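Enquirer: Here is the input, now give the coordinates:
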Amino acid sequence: MTDVLIPTLETDRLVLRAPVPADVAPFAAFYASDAAKYVGGPLRDFQVWRYTAEVIGHWQLRGFGRWMVERKDAPGAIGLIGLHAPPDWPEPEVGWMLWDGNGKGYAAEAARAARDYAWNTLGLTTLISSIAPENAASIRVAEGMGARREAQGFEHPLFGTMAVWRHPAPEALS
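Expert: Modelled structure (predicted):
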């Protein structure tokens, strides 16, 4: 197996980068809050540390994954956004979670960068987002990115039935 370097992506306002040890504390604070209810929270600090290691390991096992996101004008991670495809997933997913900056368009901006990376760098041709049916904020992000809800849901191994949102194919975005 070859070591995988996690690339850094930039948008107008954001940097998507590899996780670093300093990210664990804000990530753990998010997972200790009610804001994490749609993504498996609450989690204890040691569980978040393990989850961060899982995020890094996904890059090694799949050759792609999720990035920590920070604003260019303020250091420190504000979320985790990117690509995810565990073996029990229906197909590759672009997902987002922000613990700071909700309502400012950061989730969609970073998720678009991740989706562009999937299309243009990895050559993927299909992406979904699995979203809890009651997660209105994430649904707005998916709709804003042009994703459409499919009739068939997805049984998440931990969270139960999730709605599947299909992203437009690369050629539909040109």
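Enquirer: elements contacting the strand or helix carrying residue 25?
Expert: Here residue 25 is covered by helix 24-31, with elements defined by DSSP states H and E. Counting contacts by 3 or more CB pairs under 8 Å, 6 or more residues apart in numbering; DSSP states H and E, helix 24-31 is packed against helix 45-62, strand 74-84. No exception for glycine: its C-beta is placed from N, CA and C like everyone else's.
Enquirer: Could I get the buried residue list for that helix?
Expert: 24, 26-28, 30-31 (16 or more other CB atoms under 10 Å).
Enquirer: what's the answer for stretch 67-84, then?
Expert: Of the residues in stretch 67-84, those buried by neighbour count under the rule 16+ other CB under 10 Å are 67-71, 77-84.
Enquirer: Return the closest of these with respect to residue 13.
Expert: Sorting those by distance to residue 13 puts residue 71 at the head of the list, at 6.1 Å, by CB to CB.
Enquirer: about what we covered before: any idea of the angle the helix holding residue 25 forms with strand 74-84?
Expert: Angle, helix 24-31 to strand 74-84, by axes from the mean of the first three to the mean of the last three CA atoms, to 10 degrees: 70 degrees.
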